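Novice: Sharing a model that was predicted from the sequence below.
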Amino acid sequence: MIPVGVVVRRVPGVTRWAKWSWRAVAVLPGAPDADWVELRREGDSVEYHAATVPMELWRTDTDAYQTALNTDQPSVYIVMRETPEAEEGQQLAVHLVTASPYDAQDYTDSGEEIVERVPMPPQLIAFLRDFIAEHHEDEVFVKRRRDKHRMDRVEDGKGDARISQMSDVFRAPRRKAGGLH
């Protein structure tokens with residue numbers, strides 16, 4: 001587990017329905033605790049150190065971390081939730097920081113959370129590579145074999161078991177007596 005600070009940028013919205021537009025723009029590995037500390041202001045654009053949350057790494061997810069490192073731009077994913085009852089300018093709560101693209105995809109499925117992809121800093125890339133080297137275990141591929149169960153003993157095609165029939169219900173229809181006209 002490593003503490004990761006999340007930098008969020010607030011810019012004016014481009015429509016009359018959204019006063020502000022929020023976007024996670026960076027992470028700070030090893031950052032101290034923070035609660036919406038203003039880092040930089042340029043006109044109406046403001047960057048905040050919104051929160052510091054622990055990024056947990058799991059031994060079973062090393063394949064996902066390897067996938068994240070093998071992309072063109074290694075990234076971490078920040079999951080945020082809207083908190084309408086919060087103070088003005090702090091309507092988001094950082095819920096999670098993950099290096100797994102699969103976890104991030106799971107959070108996007110609900111549509112409730114905001115998931116942002118942020119470039120992974122070099123220190124985090126090195127930390128993740130060390131973690132993968134220490135904990136990764138290749139899964140052995142096991143080909144599935146058919147059961148030894150005999151399939152020729154089943155009498156399929158007899159129709160509904162509650163109705164007694166002497167023959168197959170999928171038989172061809174009989175010709176009428178009298179032939180074709």
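Specialist: Sure thing, it's come through.
Novice: neighbours of Tyr107, just the number please.
Specialist: 19 (other C-beta atoms under 10 Å). For glycine as for every other residue, the C-beta is placed from the backbone atoms N, C-alpha and C.
Novice: where along this protein do the strands fall?
Specialist: Per DSSP state E, the chain carries strands over the ranges 2-12, 20-29, 35-42, 45-55, 75-82, 92-98, 114-119.
Novice: Relative to Val6, how far out is the residue nearest to Leu39 when sequence neighbours are not counted?
Specialist: With sequence-adjacent residues excluded and distances taken as C-beta to C-beta, 6 or more residues apart in numbering, Leu39 is closest to Glu47, at 4.7 Å. Applying C-beta to C-beta, to the nearest Å, the value for Glu47 to Val6 is 11 Å.
Novice: ok, the two, which is more surrounded?
Specialist: Val6 (27 against 19).
Novice: For the strands of the chain, state which one has the densest average packing.
Specialist: Relative to the other members of those, strand 75-82 carries the highest mean neighbour count by mean count of other C-beta atoms under 10 Å, namely a mean of 22.
Novice: ok and that one relative to strand 92-98, angle-wise?
Specialist: For strand 75-82 against strand 92-98, the angle by axes from the mean of the first three to the mean of the last three C-alpha atoms, to 10 degrees is 150 degrees.
Novice: I'd guessed the residue nearest to Leu39 sits against Gly5; true?
Specialist: No - with contact defined as C-beta atoms under 8 Å, Glu47 does not count as touching Gly5 (11.7 Å).
Novice: Give me the average confidence score over stretch 57-65.
Specialist: Mean per-residue pLDDT for stretch 57-65: 85.
Novice: Pull it out as PDB, backbone CA atoms only.
Specialist: Taking C-alpha atoms only, stretch 57-65 is exported to PDB below (Å, rounded to 0.1, in the frame of the first residue of the first chain):
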ATOM      1  CA  LEU A  57      -1.800  -3.600  -4.700                       C
ATOM      2  CA  TRP A  58      -3.000  -7.200  -4.700                       C
ATOM      3  CA  ARG A  59      -0.800 -10.200  -5.600                       C
ATOM      4  CA  THR A  60      -3.600 -11.700  -7.600                       C
ATOM      5  CA  ASP A  61      -3.900  -8.700  -9.800                       C
ATOM      6  CA  THR A  62      -0.400  -8.700 -11.200                       C
ATOM      7  CA  ASP A  63      -1.600  -9.500 -14.700                       C
ATOM      8  CA  ALA A  64      -3.800  -6.300 -14.700                       C
ATOM      9  CA  TYR A  65      -0.800  -4.200 -13.500                       C
END
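Novice: Nothing else from me, thank you.
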